[in-house]
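> what's the 3D shape of this:
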Amino acid sequence: MTRAQLPDPGRFWIRYVPRSWEPPEHPWVHLAEARLGEWGRAVSQKVAPAAASISSLDASPLDDVLYLPPVPTRRAAARDKLASSRLVDGTPVVVHLFPGEESTVPAVSGVAFVYDLLPALLARDLDRLSRLDHPPAGSAVVWPLLPGLTDDPALWDDGCARLAAAGVRCVQALAPSLEPADRRRLAERWGKEKEEEVFDALFHREPPAERDFARAAHRHGLAPFLARPLPRAPVLRTENLRLGGVLALVAELWLRLGRSEEQGQAFYRAARWIDNTTYDVAGLERDGNLPVLPLEPECRAVAAEFLETGEAELLTALLAEYVAPAEASEPMRTDHAIENANEL
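Numbering: from 1, shown residues only. Sure, this is the predicted structure:
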């Protein structure tokens, strides 16, 4: 069985999450919930027996991204079989892996492999990053931001240089929420060399902004967000989800840059509506009927431009500002979008 959540670019576009599965033995980041996942002795007796297999997921095709979390090595074949069958059904899938871990899932459209660096970063084993030798197109690496452990800008620079050299194209930062038990375990196991410093950071310091990491990664040519995995036939509404993804990323960047909360939420509302409607939005635009949709003018302007040209100038500008060096980052002008909105 799965549970559903709103797809979010900051959480790797995940829509559907298995309710239970057997987690790996080492630390990992729960991409859908932006927290540390259960691992090792932290796995409760309640969870482990019920999570022996993820093959009991709903059999019907899903219309948006299914998340397949990491599993122990002995469960990898079952995980890969499930992912492959879902891709045949048209369901887009995010497969959570670790550097050096191999998968038999075909690298086709609709699948995104996301490689979790947490174990390598905690062990300071950056050589493990070289195992990510030219990952498939559409893949990404997640860099967890843990205070005192993985938030050193020098570590970012070294790691991103290695990743870029290995052919990685996207590294997305994620600052997971930490429970007190997480902080204690991290401090006890990986904070011994600088015990007081790491303990203080974990318990009293906020992680850096994900934007700070994105700026560092951008210097090495690395993109800050995973591209939205899209469904394939027989699942429908692919083009709607593509457009919804553009508006959702505009909304996320708009809000991260500290712009109007009201306008940012309007972009998100438009993205959710387009994701869920049964109308063919691209067809409506071709017929000149886009103005009848329940979209606010600024949102309609972005949608119209993207449907006509395949690009969105506002999204390009927001991305550029988001990764620009701190001293060069200035509020961008949005006159173009506003002018287009007023014309519709």
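> all helices for the stretch 151-300 of the chain, in order.
Applying DSSP state H, counting those that start in this stretch to the stretch 151-300 of the chain gives helices spanning 153-165, 180-190, 195-204, 210-218, 238-256, 261-276, 281-286, 297-309.
> Quick one: distance of the last one to the chain centre.
Going back to what we said before, that points to helix 297-309. 24 Å (C-alpha atoms, centre = their mean, to the nearest Å).
> helices or strands up against it?
In terms of contacts (3 or more C-beta pairs under 8 Å, 6 or more residues apart in numbering; DSSP states H and E), helix 297-309 is packed against helix 238-256, helix 261-276, helix 281-286, helix 313-323, helix 335-343. Bear in mind the C-beta positions are built from the backbone N, C-alpha and C, glycine included.
> contacts for stretch 190-209?
Contact with stretch 190-209 is made by 122-123, 145-149, 151, 175, 178, 183, 186-187, as judged by C-beta atoms under 8 Å, 6 or more residues apart in numbering.
> Please apply the same query to stretch 159-170.
117, 121, 126, 129-135, 137, 139-141, 143, 171, 216-217, 219-227.
> just the helices and strands packed on helix 297-309: most buried one?
Comparing the helices and strands packed on helix 297-309 by mean neighbour count (mean count of other C-beta atoms under 10 Å), helix 238-256 comes out on top with a mean of 22.
> before we move on, back to that, would you format the helices and strands packed on helix 297-309 as TSV with distance to residue 37 included?
Output for these, formatted as TSV (distance: least, C-beta to C-beta, whole Å):
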stretch	distance to residue 37
helix 238-256	23
helix 261-276	26
helix 281-286	36
helix 313-323	27
helix 335-343	39
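> now those helices in JSON lines, with mean pLDDT and distance to residue 76?
Listed next are those as JSON lines, based on pLDDT from 0 to 100; distance: least, C-beta to C-beta, whole Å:
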{"stretch": "helix 238-256", "mean pLDDT": "97", "distance to residue 76": "28"}
{"stretch": "helix 261-276", "mean pLDDT": "98", "distance to residue 76": "31"}
{"stretch": "helix 281-286", "mean pLDDT": "95", "distance to residue 76": "39"}
{"stretch": "helix 313-323", "mean pLDDT": "98", "distance to residue 76": "34"}
{"stretch": "helix 335-343", "mean pLDDT": "41", "distance to residue 76": "45"}
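> Which one, of those, ends up nearest to residue 39?
Nearest of the helices and strands packed on helix 297-309 to residue 39, taken as C-beta to C-beta: helix 238-256 at 28.3 Å.
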